[in-house]
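# Next one to model:
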Amino acid sequence: MTLRQVQIGCDFVYQAEIATSTVFQVAPLAGAISDEVFTFTPDVDSHEYRDIYGNRCLRAILPVGASQFTYRALVDVPDATEDFDERAPEVPPHDLPDDVLVYTMPSRYCLPDMLGNEAWSRFADTPPGYGRVQAICDHVNSHLQFAYGSSNPTSTAWDVNASGFGVCRDFTHLAISFCRALNIPARYVFGYLPDMDVPADPAPNDFAAWMEVWLGDRWWTFDPRNNVRRKGRILIGRGRDASDVAMATTFGGPLLESMFVIADEAVVGRVPAGW
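Numbering: from 1, shown residues only. All right, here's what the predicted structure looks like:
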């Protein structure tokens, strides 16, 4: 299989009035990772652990005053879009694996109980299986308008469905909610998504959110925000929704002064900004 290399990373700059326990979740779950570096300025003690979903997490204490956390790595990715199978069937709840059942339930931001009537009215007549999940993504992609600042950390799938605006996490929460309302297991995913073999996005790089849906005997990738199969997805975390896989969780109120994200294909002789 042909591979391509992607440069990934991020910077978080904080101001804290008190020492603040923090968990960062910015490192890929798997893949051919090289030249991986975690840096704190000023230097602090830190250690990595795996959460209940198997995601890589880094614990540290932000010091009083200014601090910066930096992550950099190179990752080899397949020169191919993600797998798909339009014949993949839905699985009735009684046949789902035990560890998949949790992804049919309501969670902090995904509300299949509140959106159930709409889900069944819109998609009940759509043939079940891969095509019905794609129909959900098509609807969410056309219903929501992408707009930075249109939602906030407390916005749920119900909220953005009513407003018609959101960012990638909101597109994903709404599509997950519709899937779960139809008893289709769906889980939240976030990571890095470089512009590989697609028109370059003029907006600054950011973390991306998409979803995985259980059909047949495996998880399949769907992207309600972009609604196309893409190359170069580098998965950081999986969970019930964004509350399970926040890129930074602070046990206190430090001021996040800036965040910078890198997700670009590595090109010989070219160094990306911030590398």
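# Only C-alpha atoms from now on, for both contacts and neighbour counts.
Noted.
# List the contacts of the nearest residue in space to residue 164 that is not next to it in sequence.
Using Cα to Cα, 6 or more residues apart in numbering and skipping the chain neighbours, the partner closest in space to residue 164 is residue 144 (4.6 Å). By Cα atoms under 8 Å, 6 or more residues apart in numbering, the contact set of residue 144 is 160-161, 164-166, 171.
# what do you get if the cut-off is 10 Å, keeping everything else the same?
Taking Cα atoms under 10 Å, 6 or more residues apart in numbering as the contact definition, residue 144 lies against 160-168, 170-171, 174, 224-225.
# What's the ChimeraX syntax to select whichever of these are buried?
Selection of the buried residues among the contacts of residue 144 in ChimeraX, burial being defined by 16 or more other Cα atoms under 10 Å:
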select :160,161,164,165,166,167,168,170,171,174,224,225
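# Take the contacts of residue 144 and lay them out in CSV including pLDDT and secondary structure.
Formatted as CSV, the contacts of residue 144 follow (pLDDT from 0 to 100; DSSP: H, G, I helix; E, B strand; the rest coil):
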residue, pLDDT, secondary structure
160, 97, helix
161, 97, helix
162, 97, helix
163, 96, helix
164, 96, coil
165, 97, strand
166, 96, strand
167, 95, coil
168, 95, helix
170, 97, helix
171, 98, helix
174, 98, helix
224, 98, coil
225, 96, coil
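# in what helix or strand does the residue most central in space within the chain lie?
With distances taken as Cα atoms, centre = their mean, residue 190 lies nearest the centre of the chain, 1.5 Å away. Per DSSP states H and E: residue 190 is located in strand 186-192.
# what distance separates that strand from the middle of the whole chain?
3 Å (Cα atoms, centre = their mean, to the nearest Å).
# That's all I had, so thanks and see you.
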